[in-house]
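Peer 1: Next input, structure requested:
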Amino acid sequence: MVSYGMAINVGDLVGDHEVIGTLGSGGMGHVYQVRHTISHRIEAMKVLLPGRPATEEIAQRFLREIRLLARLDHPNIAVLHTAYRHQGELIMIMEFVEGPTLRAKLDSESIMMGKSMDYIQQVLSGLAYAHDLGIIHRDIKPSNIMISRGDRIKLVDFGLAFPTIGSDVTRTGAILGSLHYMSPEQVMGEHLDARSDLYSVGIVLYQLLTGRLPFDGAGEYAIASSHLRGVPVDPASINQNIPTRLSEVMLKSLAKLPDNRFQTSGDFLQALRSVHTEATTLLVPPRQTKESNQYPTPPDSHAASTNSIKSALNEKHLESVSRDLAFHIGPIARLVVNRAAKRAISLDELYTLVANEIDSDDKRRVFLATRHKYSSSS
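Peer 2: Numbers count the residues shown, from 1 in each chain. You can find the predicted model right below:
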């Protein structure tokens, strides 16, 4: 595989845009703050991460994000201004949202119940619009919800979004997204529809009003299992300021089966609007750091070197490790291995990481013994 993605620095000119700052990294792209050299409008520029393996899937996902965003025009969705090619690379120019992510706000201050409800209703309004166009987001989480001036919510990062009809990207085994906010069907790599987004919204609402996640665990397998089999604690028992009706709404949004959830964003939105809350009630902000910020610090040269080592892990090895691990923990093994592979710098480290998800010492030893199938240099 070859790599692609431009190395861009502050002060560089990219087309008619001057790079004036870095905003961080999304799932597959780096985001910069830029100024249009003619209009002087401040915008956000997204390009593919430098050094990413050049796969057709990544290129198609980036192009698909551009084309999907071009169809969206809603006050609660960050607007695509334009897209073009520069030196053979795709460039996406987006609305610059001046404000924090909901993740950052959760980590820094208390949020009033009424304000939390308003934020979620705006999220649902944006999703209702996207869903009506047959587009599901697939990665709703606090770091993909930005708060602009006037407390206007903006949904960002549609890099995992796909049309709900005529697409093969929801095929079994395609597990993408952020684990703490995944629906059960997404954890299992099954076909998704708009109700998967509503489950994720329910998790964000639960987190806003209780200060904790409804589904958690010591490791990725435990978190995934909690989505599949765990029962969330009644929100009203955690925060006594939550009305009974609102607690019922949240629990319905978190139903394991899509048929038992709200069927549309509009249904969810209407249920929330029917609940009366005390807008001045302050809630304790969650201090969880399970999820990275939308715009974390850009990777340094050491991280880039580490990523290069990780990419050397043989895909056939990963498939084989997944099969061996599945014998002990079931179909979630593929998810566990794929995520561990992003952190491991060798096959030995990969084995050590995923073995921790096996709860039996004997079974763990049996699994680790399968390492001998590969040479020590693997």
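Peer 1: what about the strands in the protein?
Peer 2: 3-4, 13-14, 17-25, 29-36, 42-48, 52-53, 80-86, 89-95, 135-136, 145-148, 152-155, 162-163 (DSSP state E).
Peer 1: what residues does the second one touch?
Peer 2: Defining contact as Cβ atoms under 8 Å, 6 or more residues apart in numbering, one finds that strand 13-14 is touched by 6, 8, 19, 34, 37, 45, 86, 91. Where you see a C-beta, it was placed from the backbone N, CA and C, and this is true even at glycine.
Peer 1: 7 Å instead?
Peer 2: 8, 45, 86, 91 (Cβ atoms under 7 Å, 6 or more residues apart in numbering).
Peer 1: before we move on, what about the fourth one?
Peer 2: With contacts defined as Cβ under 7 Å, 6+ apart, strand 29-36 is touched by 8, 16-25, 42-49, 62, 96, 295, 298.
Peer 1: Identify the residue nearest P75 in space, chain neighbours excluded?
Peer 2: Nearest-residue entry for P75: R152, 6.8 Å, with adjacent residues in sequence omitted and distances by Cβ to Cβ, 6 or more residues apart in numbering.
Peer 1: coming back round to it: just the buried ones from the contacts of strand 29-36?
Peer 2: Among these, those scoring as buried are 8, 17-19, 22-25, 43-49, 62, 96, 295, 298 (criterion: 16 or more other Cβ atoms under 10 Å).
Peer 1: All the helices of the stretch 251-378 of the chain, residue numbers only.
Peer 2: Residue ranges of the helices in the stretch 251-378 of the chain, as given by DSSP state H, counting those that start in this stretch, are 265-273, 301-310, 315-329, 333-341, 347-355, 361-368.
Peer 1: and L246, which of the ones you listed is closest to it?
Peer 2: Checking the helices of the stretch 251-378 of the chain against L246 by Cβ to Cβ gives helix 265-273 as the closest, at 7.7 Å.
Peer 1: does R334 really touch S322, like I thought?
Peer 2: Yes: using Cβ atoms under 7 Å as the test, R334 is close enough to S322 to be in contact (4.6 Å).
Peer 1: any idea how the chain splits into domains?
Peer 2: Residue ranges for the domains of the chain, per automatic domain parsing: 3-95, 102-273, 310-373.
Peer 1: of all those domains, which gets the most neighbours per residue?
Peer 2: When these are scored by mean count of other Cβ atoms under 10 Å, the highest mean neighbour count falls to domain 102-273 (a mean of 19).
Peer 1: distance between the ends of that one?
Peer 2: The straight-line separation of the ends of domain 102-273 (Cα to Cα, to the nearest Å) is 21 Å.
Peer 1: same check, this time on stretch 355-368
Peer 2: Termini of stretch 355-368 sit 7 Å apart (Cα to Cα).
Peer 1: Any idea how far that stretch is from the middle of the chain?
Peer 2: 29 Å (Cα atoms, centre = their mean, to the nearest Å).
Peer 1: Can you tell me what sits against it?
Peer 2: 219-221, 324-325, 328-329, 336, 351.
Peer 1: ok, back up a step: can the helices of the stretch 251-378 of the chain go into TSV with extra columns for mean pLDDT?
Peer 2: TSV is the format used below for the helices of the stretch 251-378 of the chain (pLDDT from 0 to 100):
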stretch	mean pLDDT
helix 265-273	96
helix 301-310	41
helix 315-329	79
helix 333-341	78
helix 347-355	83
helix 361-368	83
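Peer 1: nearest to P243, of those?
Peer 2: Once the helices of the stretch 251-378 of the chain are compared by Cβ to Cβ, helix 265-273 is nearest, at 11.2 Å.
Peer 1: what stretches of the protein score poorly on pLDDT?
Peer 2: The model of the chain has pLDDT under 70 over residues 1-6, 26-28, 49-56, 160-177, 277-314, 331, 374-378.
Peer 1: which residues of the stretch 51-200 of the chain fall in helices?
Peer 2: Using DSSP H, counting those that start in this stretch, helices in the stretch 51-200 of the chain cover 56-69, 102-108, 113-132, 184-187, 194-210.
Peer 1: distance of V123 from G11?
Peer 2: 36 Å (Cβ to Cβ, to the nearest Å).
Peer 1: so what's L80 bridging to?
Peer 2: M94 (DSSP bridges).
Peer 1: measure it to G21 for me?
Peer 2: 20 Å.
Peer 1: and if you look at I332?
Peer 2: I332 is 40 Å from G21, by Cβ to Cβ.
Peer 1: that older thread, make a markdown table out of the strands of the chain and add distance to V201.
Peer 2: Formatted as a markdown table, the strands of the chain follow (distance: least, Cβ to Cβ, whole Å):
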| stretch | distance to V201 |
| --- | --- |
| strand 3-4 | 34 |
| strand 13-14 | 35 |
| strand 17-25 | 23 |
| strand 29-36 | 23 |
| strand 42-48 | 24 |
| strand 52-53 | 29 |
| strand 80-86 | 22 |
| strand 89-95 | 22 |
| strand 135-136 | 12 |
| strand 145-148 | 10 |
| strand 152-155 | 11 |
| strand 162-163 | 18 |
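Peer 1: out of the helices of the stretch 51-200 of the chain, nearest to H372?
Peer 2: Once these are compared by Cβ to Cβ, helix 184-187 is nearest, at 31.0 Å.
Peer 1: who's in contact with stretch 221-237?
Peer 2: 179-180, 182, 184, 187, 206, 209-210, 214-217, 242, 244, 247, 250-251, 254, 329, 332, 335-336, 357.
Peer 1: rerun at 6 Å
Peer 2: Contacts to stretch 221-237, defined as Cβ atoms under 6 Å, 6 or more residues apart in numbering, come from residues 179, 184, 187, 206, 209-210, 214-215, 217, 242, 247, 250, 254, 329, 332, 336, 357.
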